[in-house]
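> Here is a sequence with its predicted model. Questions after.
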Amino acid sequence: MPLLNALLSGLIFGAGLLLSGMANPAKVLGFLDVAGAWDPSLMLVMIGAIAVAFLPFRFARTRTKSWLGEAMSLPRRQQIDRRLLLGSALFGIGWGIAGFCPGPGLLSIGLGLPQGLLFVLAMLAGMALFEVIERARAAKPSPPTSR
Amino acid sequence: MAIDWAAFTPLSALAGGTLIGLGTALLLLGNGRIAGISGILGALLRPATGEIAWRVAFVSGLIAAPLLWPLLAPRPVVHVEAGAPALLIAGLLVGLGTRYASGCTSGHGVCGLARLSKRSLVATLVFMASGVLTVGITRYFLFA
């Protein structure tokens, strides 16, 4: 049942990306191009999504188990550190180069876009690189304490 | 800044956003999980993680959405300007950056902001600013 729910969630999320036009990198770049002809659509996509998810998140905070009996797993971290800032900055550069973020990237595989597949493979390589770097750092006897 | 009224699609943007919010709420209330795509995908590369199945199910739904979409509506217009080298660099940066930031447009931009997380607000402002700068530099300086 939880698996079916996750599948359905992905389907609805993906349909939302398609309907909103965010599966189209050219439209996303139109949002990021504030100096040119600016397309504010992405802002409304976020506002719509946040408005719908706001109350469910308030409700989720009061529960320890989901409706299907799974543990309620919400982020606890609040620290604004170098990893968050540098990571977000790197992500933004990549986003601005091609107009793909992770969701639309995955979606583009279903759309049959060879460019999307190439992007996703490179993205997976970037994620794997993160795992390799972090594992190497964790393996060191005394990791640098630069946070 | 001038709004491109011909490209601006407020109704479908809001409606699509609503669906994204619904998918997010469903995963949260049913599975107890945050619909953050980079986190869901990235943790699949960590063999130690016990819970693989729900992540694969969610990602499958995401990839299946465009396959089922033609049953409901015409196929959306998609245009990719970037060539292969740009896509490779973009993908690497997005993969590495989102894992260090612990989130992307969905995890921080939608879920985090809906939770009123200050950390996610900072992340969202940084990746938006960085994306805007990147588009500005590539469009008006490098390839002007």
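The structure has been received and is ready for your questions. All figures in this text were calculated on a predicted structure; none of them were measured in a lab. Numbers count the residues shown, from 1 in each chain, chains lettered A, B, ... in the order given.
> so what's residue 91 up against?
Here I'm looking at chain A. Taking Cβ atoms under 8 Å, 6 or more residues apart in numbering or on different chains as the contact definition, residue A:91 lies against A:101, B:93-94, B:97-98, B:101, B:104, B:127, B:130. Every residue, glycine included, has its C-beta placed from N, CA and C.
> I was after chain B.
So residue B:91 contacts A:94, A:98, A:100, A:105, A:118-126 (Cβ under 8 Å, 6+ apart).
> Can you lay out the contacts of residue A:91 as CSV showing secondary structure and distance to residue B:86?
Shown next, in CSV, are the contacts of residue A:91 (DSSP: H, G, I helix; E, B strand; the rest coil; distance: Cβ to Cβ, whole Å):
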residue, secondary structure, distance to residue B:86
A:101, coil, 15
B:93, helix, 11
B:94, helix, 12
B:97, helix, 16
B:98, helix, 18
B:101, helix, 21
B:104, coil, 19
B:127, helix, 18
B:130, helix, 16
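> Closest one to residue A:77 out of these, please.
Lowest distance from residue A:77 to the contacts of residue A:91 (Cβ to Cβ) belongs to residue B:101, with 11.2 Å.
> wait, doesn't the closest one sit right on residue A:88?
Yes: taking contacts as Cβ atoms under 8 Å, residue B:101 lies within contact range of residue A:88: 4.4 Å.
> what's the overlap in contacts for those two?
B:108, B:123, B:127.
> Enumerate every residue touching residue A:57.
Contact partners of residue A:57, counting by Cβ under 8 Å, 6+ apart, are B:28, B:111, B:114-115.
> Now intersect those residues with the strands, please.
Under the assignment DSSP state E, the contacts of residue A:57 contribute nothing to strands.
> Would you state the strands of the chain in chain order?
In the absence of a named chain, this looks at chain A. Per DSSP E, chain A carries strands over the ranges A:37-38.
> should've been chain B
For chain B, the strands defined by DSSP E cover B:2-3.
> in it, which ranges drop under the pLDDT threshold?
Judged by pLDDT under 70, chain B has its weakly predicted residues at B:47-50, B:143-144.
> Tell me the most packed of the contacts of residue A:91, by neighbour count.
Ranked by neighbour count (other Cβ atoms under 10 Å in any protein chain shown), these have residue B:98 at the top, with 35 neighbours.
> Show me how chain A divides into domains.
A:1-74, A:81-147 (automatic domain parsing).
> where among these is the average confidence lowest?
Mean pLDDT values for the domains of chain A show the minimum at domain A:81-147, a mean of 92.
> any idea how far residue A:78 is from residue B:112?
11 Å (Cβ to Cβ, to the nearest Å).
> shared neighbours of these two, which are they?
Overlap of the contact sets of residue A:78 and residue B:112 (by Cβ under 8 Å, 6+ apart) consists of residue B:119.
> Helices of chain A, residue ranges please.
A:2-20, A:25-32, A:41-61, A:82-98, A:102-110, A:114-139 (DSSP state H).
> cool, chain B as well?
Using DSSP H, helices in chain B cover B:10-31, B:37-42, B:53-68, B:84-101, B:113-114, B:118-137.
> now, of the ones you listed, which is deepest in the fold?
helix B:37-42 (a mean of 26; mean count of other Cβ atoms under 10 Å in any protein chain shown).
> which other helices and strands contact that helix?
In terms of contacts (3 or more Cβ pairs under 8 Å, 6 or more residues apart in numbering or on different chains; DSSP states H and E), helix B:37-42 is packed against helix A:102-110, helix A:114-139, helix B:53-68, helix B:84-101.
> Leaving out sequence neighbours, find the closest residue to the residue nearest the centre of chain A.
Centroid-nearest residue in chain A, with Cα atoms, centre = their mean: residue A:102, separated by 5.3 Å. Counting by Cβ to Cβ, 6 or more residues apart in numbering or on different chains, residue A:102 lies nearest to residue B:37, which is 4.1 Å off, once chain neighbours are set aside.
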